[in-house]
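*Asks:* Sequence first, predicted coordinates after that:
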Amino acid sequence: KNEVEQSPQNLTAQEGEFITINCSYSVGISALHWLQQHPGGGIVSLFMLSSGKKKHGRLIATINIQEKHSSLHITASHPRDSAVYICAVSANNNDMRFGAGTRLTVKP
Amino acid sequence: DVKVTQSSRYLVKRTGEKVFLECVQDMDHENMFWYRQDPGLGLRLIYFSYDVKMKEKGDIPEGYSVSREKKERFSLILESASTNQTSMYLCASSRTGRGYSNQPQHFGDGTRLSIL
């Protein structure tokens, strides 16, 4: 079983929909990261959080440390949000562990 | 803005060849990483380096080696390429802070390597 599980693996939405991507982890962590990977490969760091909630534009990331769960929300989704979203955790032993990613397609 | 540059976007090599993947960062970051990314598996760490001439094995170092002679450059070497090393390779860098994994990593655009 992977230490970081994401769901769903694939997600298709219509433009304007509210989107949620979930991440569960099984190790002790010091921080959780949400990354975005566009077609072609480049990865961008969206959020790093260790508690509560962070917001950047239409993106919101939350984490519940007790439940070992994080969510990434996208409000008013747009086709340019189409990408692979990756959850990663900084484990207490200083390792990074990555989820397999969620492929999001937003249709106009 | 941090720039992590990988030398090639696409590379095709033959089985048994020695392959070099180069990565350069321009923000004076101490830490540099090499990952491979395969469908359904997520990113897996091959090697990382926290200083010049220093290196540590990651989760899947077999068949690979690395070189860090200068702070800005981290090279991944496939000593004798095999077909199971066909993959997307991503380089990243980060600053040293409270543990290297607590700093945001900045990624290159990736090299899609095919071994025939």
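*Replies:* Great, that's in hand.

*Asks:* What separation do you get for the most centrally placed residue in chain B and chain A?
*Replies:* Nearest to the geometric centre of chain B sits B:Trp34, at 2.3 Å (C-alpha atoms, centre = their mean). Separation of B:Trp34 from chain A (C-beta to the nearest C-beta, to the nearest Å): 13 Å. To be clear about C-beta, it is placed using only N, CA and C from the backbone, and glycine gets the same treatment.

*Asks:* In which helix or strand does that residue reside?
*Replies:* In this assignment (DSSP states H and E), B:Trp34 forms part of strand B:31-38.

*Asks:* Partner strands of that strand, with direction?
*Replies:* Applying DSSP bridges to the sheet, strand B:31-38 is found paired with strand B:42-49 (antiparallel), strand B:87-94 (antiparallel).

*Asks:* Could I get the contacting residues of the residue in chain B that chain A sits nearest to?
*Replies:* Here the residue of chain B nearest chain A is B:Gly110; by C-beta to the nearest C-beta that distance is 3.2 Å. Applying C-beta atoms under 8 Å, 6 or more residues apart in numbering or on different chains to B:Gly110 gives the contacts A:Gly40, A:Gly41, A:Gly42, A:Ile43, B:Gln6, B:Arg9, B:Gln37, B:Met88, B:Tyr89, B:Leu90.

*Asks:* Recalculate using a threshold of 10 Å.
*Replies:* Applying C-beta atoms under 10 Å, 6 or more residues apart in numbering or on different chains, we find B:Gly110 in contact with A:37, A:40-43, B:6, B:8-10, B:35-37, B:87-91.

*Asks:* A:Arg80 too?
*Replies:* So A:Arg80 contacts A:Glu15, A:His38, A:Val106 (C-beta under 10 Å, 6+ apart).

*Asks:* Need those residues in TSV (columns: neighbour count and pLDDT).
*Replies:* Output for the contacts of A:Arg80, formatted as TSV (neighbours: other C-beta atoms under 10 Å in any protein chain shown; pLDDT from 0 to 100):
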residue	neighbour count	pLDDT
A:Glu15	13	97
A:His38	13	88
A:Val106	20	97
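
*Asks:* mind listing the strands for chain B?
*Replies:* With DSSP state E as the criterion, chain B has strands at B:4-6, B:10-13, B:19-25, B:31-38, B:42-49, B:56-57, B:64-70, B:73-78, B:87-94, B:106-107, B:111-115.

*Asks:* Check chain A too.
*Replies:* All strands of chain A, identified by DSSP E, fall at A:4-7, A:10-14, A:19-25, A:29-37, A:43-49, A:52-56, A:59-64, A:69-74, A:83-91, A:96-98, A:102-107.

*Asks:* can the helix-or-strand element of chain A with minimal mean pLDDT be found next to chain B?
*Replies:* Within chain A, no helix or strand scores below strand A:96-98, which has a mean of 87 by mean pLDDT, DSSP states H and E. Yes. Judged by C-beta under 10 Å from any C-beta of the partner chain, strand A:96-98 and chain B are in contact via A:Met96, A:Arg97, A:Phe98.
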